[in-house]
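Q: here is the input, now give the coordinates:
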Amino acid sequence: MILRRTTVVVAALAALLSIAGPAAAQAQAPDWKKVRIAVEGAYPPFSEVGTDGKIKGFDIDIANALCTEMKAECTLVSQEWDGMIPALQARKFDAIVAQMSITEERQKSVLFTNKYSNTPAWLVAKTGTPADQSAAAWKGKKIAVQRTTTHDRFATQHFKDSEIVRYAKQDEVFLDLAAGRVDAVLCDSVAADLGFMKTPAGKGFARVGAPIDDPKIFGIGAGIAVRKGDTALQQKLNAAIAAIRANGTYKKIQDKYFAFDVYGQ
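A: All right, here's what the predicted structure looks like:
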């Protein structure tokens with residue numbers, strides 16, 4: 001009799017837990033009214049720290065516009081580039097808005113939204129450098145890249161006989177190019193043009209050859225990265241991206257920084 005009663009009680013508890021389980025999980029799921037967004041702050045004109053100490057740039061304005069569209073309270077968290085994905089996985093923030101290219105390799109670790117921009121890469125060196133991007137032309141030369149970027153990956157694979165010099169921040173890359181410590185830089189075209197070549201430090205430098213766009217390495221544009229499993233946040237961000245594209249907010253932000261379509265093809 002005791003054994004039977006015990007069995008009945010256990011069965012009843014199991015039934016209650018099976019009912020309560022999904023409800024409890026749903027109750028604990030984030031509603032994404034508060035979102036922590038990682039930004040770099042060292043990648044002008046996408047993100048940089050102004051003279052007033054405040055972070056600004058295209059990515060910052062896009063992040064704020066998306067939060068407004070989602071009616072979410074957002075906190076921007078500064079994070080160095082090469083620690084972005086590990087810190088996201090460690091739950092230090094919930095999303096990354098930092099010109100992160102959507103690549104097959106990164107998709108193994110994070111979930112991406114649809115793209116919100118797409119720009120090619122440029123090889124930049126002193127004005128007058130022959131427009132030759134072949135590996136042979138750059139044998140023995142120093143080519144600078146920002147560490148763990150798609151540009152780092154392309155340079156490593158393509159310029160196998162060159163010395164690839166890696167930096168934590170893009171502005172450090174440009175500093176060493178201007179100082180003559182490296183022979184060329186491989187980076188995003190917008191960062192190269194507006195963040196360097198159109199500044200006093202970039203005088204005397206130019207693009208070498210045509211823009212570089214290899215989808216296998218550079219992906220299909222920059223998206224917002226979230227943790228695997230955070231599909232609700234991904235969907236909210238996708239809806240917000242579509243909304244600001246449709247209502248003119250995206251173009252207003254774009255035109256503030258660029259004289260061309262940064263969304264790309």
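Q: mind checking pLDDT for the residue nearest to residue 196 when sequence neighbours are not counted?
A: Nearest in space to residue 196, with sequence neighbours left out and distances taken as Cβ to Cβ, 6 or more residues apart in numbering, is residue 202 at 4.1 Å. Where C-beta positions appear, they are placed from N, C-alpha and C, glycine not excepted. We have a pLDDT of 97 for residue 202.
Q: wait, isn't residue 221 in contact with residue 117?
A: Yes: using Cβ atoms under 8 Å, residue 221 is in contact with residue 117, at 6.3 Å.
Q: please enumerate the shared neighbours of those two.
A: residue 264 (Cβ atoms under 8 Å, 6 or more residues apart in numbering).
Q: any idea what the most centrally placed residue in the chain is bridged to?
A: Centroid check for the chain by Cα atoms, centre = their mean gives residue 100 as the closest residue, at 2.1 Å. Applying DSSP bridges to residue 100 gives these bridge partners: residue 223.
Q: same question, residue 205
A: Using DSSP bridges, the beta-bridge partners of residue 205 come out as residue 126.
Q: likewise residue 163?
A: Assigned bridge partners for residue 163, using DSSP bridges, are residue 142.
Q: got the contact list for it?
A: Shown in contact with residue 163 (Cβ under 8 Å, 6+ apart): 140-143.
Q: gap between the residue nearest to the centre of the chain and residue 88?
A: 10 Å (Cβ to Cβ, to the nearest Å).
Q: which residues does the residue nearest to the centre of the chain contact?
A: Taking Cβ under 8 Å, 6+ apart, we find residue 100 in contact with 84, 106, 112, 222-225.
Q: CSV please, covering these and showing distance to residue 94.
A: As requested, those are exported to CSV (distance: Cβ to Cβ, whole Å):
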residue, distance to residue 94
84, 13
106, 17
112, 14
222, 18
223, 15
224, 10
225, 10
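Q: what's the closest of those residues to residue 241?
A: Comparing the contacts of residue 100 against residue 241 with Cβ to Cβ places residue 224 closest, at 7.9 Å.
Q: pretty sure the closest one contacts residue 237?
A: Yes: using Cβ under 8 Å, residue 224 makes contact with residue 237 at a distance of 5.3 Å.
Q: many thanks, we can stop here.
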